[in-house]
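Asks: mind looking at a prediction? Sequence and model below.
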Amino acid sequence: MPAGSSHLSQLIPYNAVQFDRCMAYLAQKWARGLTRYDMVKLHVMTDVYHVLETGHQSIGGPLEPWNLGPVVARSWARLSRWERRFDQLGEEPPGYALGRSDKGYTTYRPTAAPDLDELAASELAAMDRAVELLKPMSFDESQRFFHGDKTFMGQAYNSARRNHQKQISWADIIDAYADQEGIDLTDLKRRLISYC
């Protein structure tokens, strides 16, 4: 791993345009409107799976160990602003139609089909893995996955919380995944570079 990167927590800055591209694809795969929780977890796992394959994030931003689990704060804040404007003024953000789920949560439906030419094959594969993982999970199962010491994401999350870190280390995620899968990802960790 490059010198000084033992706690590398962001490989690229958060990219709102890429977030929207990915959400258009993910919503189509999910086949229903996405809640804010769905979107931030899909963002996290898209980036995780993309890093595990390529050594860099797709959407970007640091993963923070919130009570909800790993979250990219910029995504959460952006979606929160949109929900407030929708609730207070009835305004919808560009590129999304907002509605309500049967449980009263705000849902987002991208209004344009994803442009697959703007997404790399590695990004499509990472998003497919994220949907395959998260779509069948209940909220409680999702919480166990992101908080439990029996999963690689829970282990990395709990390590950051125990050590009072404001951000989750990519090395911790990679190490926990390698341990879970019984594989050696030392070379991947050496390739991590922050472009921030």
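Replies: Sure, I can see it. Values in this document were obtained by computation on a predicted structure and should not be read as measured data. Numbers count the residues shown, from 1 in each chain.
Asks: what helices and strands are in contact with the longest helix anywhere in the chain?
Replies: Using DSSP state H, we find that the single longest helix of the chain is helix 36-54. Here helix 36-54 touches helix 16-30, strand 69-71, helix 73-89, strand 106-110, helix 121-134, helix 139-147, helix 152-162, helix 170-181, going by 3 or more Cβ pairs under 8 Å, 6 or more residues apart in numbering; DSSP states H and E. Glycine gets a C-beta too; all of them are placed from N, C-alpha and C.
Asks: of all the ones you listed, which one is nearest Leu188?
Replies: helix 170-181 (6.0 Å; Cβ to Cβ).
Asks: packing partners of that closest one?
Replies: Using 3+ Cβ pairs under 8 Å, 6+ apart: helix 170-181 touches helix 36-54, helix 152-162, helix 186-191.
Asks: sorry, back to before: could you list the paired strands of the next helix or strand after the longest helix of the chain along with their orientation?
Replies: For helix 36-54, the following helix or strand on the C-terminal side (DSSP states H and E) is strand 64-66. Note on strand 64-66: by DSSP bridges, its sheet partners are strand 69-71 (antiparallel).
Asks: buried sites along the partner strand?
Replies: Residues of strand 69-71 classed as buried by neighbour count (16 or more other Cβ atoms under 10 Å): 69-71.
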